[in-house]
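A.B. asks: Build the 3D model from these lines:
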Amino acid sequence: MPRRKLHIAVEQLRFVAPFRISGYVFEKQDAVIVTLEEGAHRGRGEAAGVYYLGDTSQSLVATIEGCRAEIESGIDRAGLQELMPAGGARNAVDCALWDLDAKRGGRSVLALACMPPVRPLVTTFTLGAEAPETMAAGARRFVGARSLKLKLTGELDLDLARVDAVRAACPDAWLGVDANRGYAIGDVDALVRGLVAARVSLLEQPLQRGSEADLEGYVSPIPIAADESALTLADTAGLVGRFDVVNIKLDKCGGLTEGLAIAREARRLGLGVMVGNMCGTSLSMAPAFVLGQICDYVDLDGPLLIANDPEPRARYADGTIWCGPEIWG
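C.D. replies: Here you go, the predicted model:
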């Protein structure tokens, strides 16, 4: 067997415009790209890490470099789960291994993962938290979008004005909102009432990570999704009775291998399943697109926020995303 070679690169991604969420504004972001080379075959994976856990491109690269010997010695995906902790570093390597295995075996990742036939996926298109009229104008620019996701900031009156403005601009679109931990439990009732009035269909992460118990037994007419409260497979069981949906992001859980395991466990526990992203290029979306084939909610518009997404790119049309094998897998 040819000796495996590990290559690591860091690319700076530029946002099309500043992207505002609760407590944070993104203008640029680093992507760590792993390439595994074995003879004529190359597998690639990309990660950004998790900003609210303090990940940086330097820390991701250091983690991968610390495992270079084992990776180059031929570790497989199962062994990687034991070798590296969950997070962006493992995500990049895990996805590169899936891609490499597919190319060595002449089979798609979908076939390797025993997934259903691939199809385009309806995805949300995300609006950063801006003035209500700015968000309404942004919503109108997403021509053909069927689903919109609005970032909120925890300012109740302003957030509801944002929702109402977008609903008025797009009366027929599916709407979801993401509070990114901006609220306290005492404000959730008022928030939910306003969301119901605006026909919002999903509320993501209203409370801080660590405040999950505050939602114990809370009955909401809108499904509540866990994002920051659900990093890995180990968090999944604790969502029952507090959340309705788990948002799986490969940068959080450490790759497609664990992402698929979370989806299976969530289904077993009666939870809905969502796939999201920490932004990134089309290379980052492609493994999540595979996971999205078995998800209830799909949020994979990250490349549209990036000014320098390289070719080949994901295709967005009629409110859907399509990631072909020319990108990955």
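A.B. asks: Quick one: the helices in the stretch 201-329 of the chain, in order.
C.D. replies: 233-236, 250-253, 256-269, 282-292 (DSSP state H, counting those that start in this stretch).
A.B. asks: Rebuild those helices as TSV, extending it with distance to Ala78 and mean neighbour count.
C.D. replies: All C-beta spots, glycine's among them, are computed from the backbone N, C-alpha and C. Output for the helices of the stretch 201-329 of the chain, formatted as TSV (distance: least, CB to CB, whole Å; neighbours: other CB atoms under 10 Å):
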stretch	distance to Ala78	mean neighbour count
helix 233-236	14	18
helix 250-253	15	28
helix 256-269	8	20
helix 282-292	17	27
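A.B. asks: In the protein, which strand is the longest?
C.D. replies: For the chain, the longest strand by residue count, based on DSSP state E, is strand 4-21.
A.B. asks: follow-up on the earlier one: now render the helices of the stretch 201-329 of the chain as a markdown table, adding mean pLDDT and distance to Arg107.
C.D. replies: Listed next are the helices of the stretch 201-329 of the chain as a markdown table, based on pLDDT from 0 to 100; distance: least, CB to CB, whole Å:
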| stretch | mean pLDDT | distance to Arg107 |
| --- | --- | --- |
| helix 233-236 | 98 | 25 |
| helix 250-253 | 98 | 21 |
| helix 256-269 | 98 | 15 |
| helix 282-292 | 98 | 13 |
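A.B. asks: coming back round to it: which outside residues touch the longest strand of the chain?
C.D. replies: Contact partners of strand 4-21, identified using CB atoms under 8 Å, 6 or more residues apart in numbering, comprise 25-38, 57, 61, 64-65, 68, 71-74, 128-130, 151, 153, 178, 180, 279-281, 304-309.
A.B. asks: Could you check how far that strand is from the centre of its chain?
C.D. replies: Mean-position distance between strand 4-21 and its chain equals 15 Å (CA atoms, centre = their mean, to the nearest Å).
A.B. asks: CA atoms only: put whichever helix or strand comes after that strand into PDB for me.
C.D. replies: Heading C-terminal from strand 4-21, the first helix or strand you meet, by DSSP states H and E, is strand 24-38. C-alpha atoms of strand 24-38 as PDB (Å, rounded to 0.1, in the frame of the first residue of the first chain):
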ATOM      1  CA  TYR A  24     -20.600  38.300  17.500                       C
ATOM      2  CA  VAL A  25     -19.900  39.900  14.000                       C
ATOM      3  CA  PHE A  26     -18.100  37.900  11.400                       C
ATOM      4  CA  GLU A  27     -16.100  39.600   8.700                       C
ATOM      5  CA  LYS A  28     -13.600  36.900   7.800                       C
ATOM      6  CA  GLN A  29     -12.900  33.300   8.900                       C
ATOM      7  CA  ASP A  30     -10.100  30.800   8.400                       C
ATOM      8  CA  ALA A  31     -10.700  27.400   6.800                       C
ATOM      9  CA  VAL A  32      -8.300  24.500   7.600                       C
ATOM     10  CA  ILE A  33      -8.000  22.100   4.700                       C
ATOM     11  CA  VAL A  34      -6.700  18.600   5.100                       C
ATOM     12  CA  THR A  35      -5.500  16.600   2.200                       C
ATOM     13  CA  LEU A  36      -4.600  12.900   2.500                       C
ATOM     14  CA  GLU A  37      -2.600  11.500  -0.400                       C
ATOM     15  CA  GLU A  38      -2.200   7.800  -1.100                       C
END
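A.B. asks: Tell me what Lys28 is bridged to.
C.D. replies: Arg14 (DSSP bridges).
A.B. asks: what about it, how many neighbours?
C.D. replies: Close neighbours of Lys28, defined as other CB atoms under 10 Å, add up to 12.
A.B. asks: One more: the one 4 residues further on?
C.D. replies: Val32 is flanked by 28 other residues according to other CB under 10 Å.
A.B. asks: Equivalent analysis for Glu27, please.
C.D. replies: 9.
A.B. asks: Check it and give its pLDDT.
C.D. replies: On the pLDDT scale, Glu27 is placed at 94.
A.B. asks: Would you mind measuring from the residue most central in space within the chain to Val240?
C.D. replies: Among the residues of the chain, the one closest to the centroid is Asn277, at 1.9 Å (CA atoms, centre = their mean). Asn277 is 25 Å from Val240, where distance means CB to CB, to the nearest Å.
A.B. asks: just Gly79 next, same as before
C.D. replies: 31 Å.
A.B. asks: try Ser22
C.D. replies: 25 Å.
A.B. asks: quick one, which of the two is more surrounded?
C.D. replies: Ser22 (18 against 12).
A.B. asks: Just want the angle from the lengthiest helix in the chain to strand 4-21.
C.D. replies: Looking across the chain with DSSP state H, the single longest helix is helix 88-105. Per axes from the mean of the first three to the mean of the last three CA atoms, to 10 degrees, the angle that helix 88-105 makes with strand 4-21 is 130 degrees.
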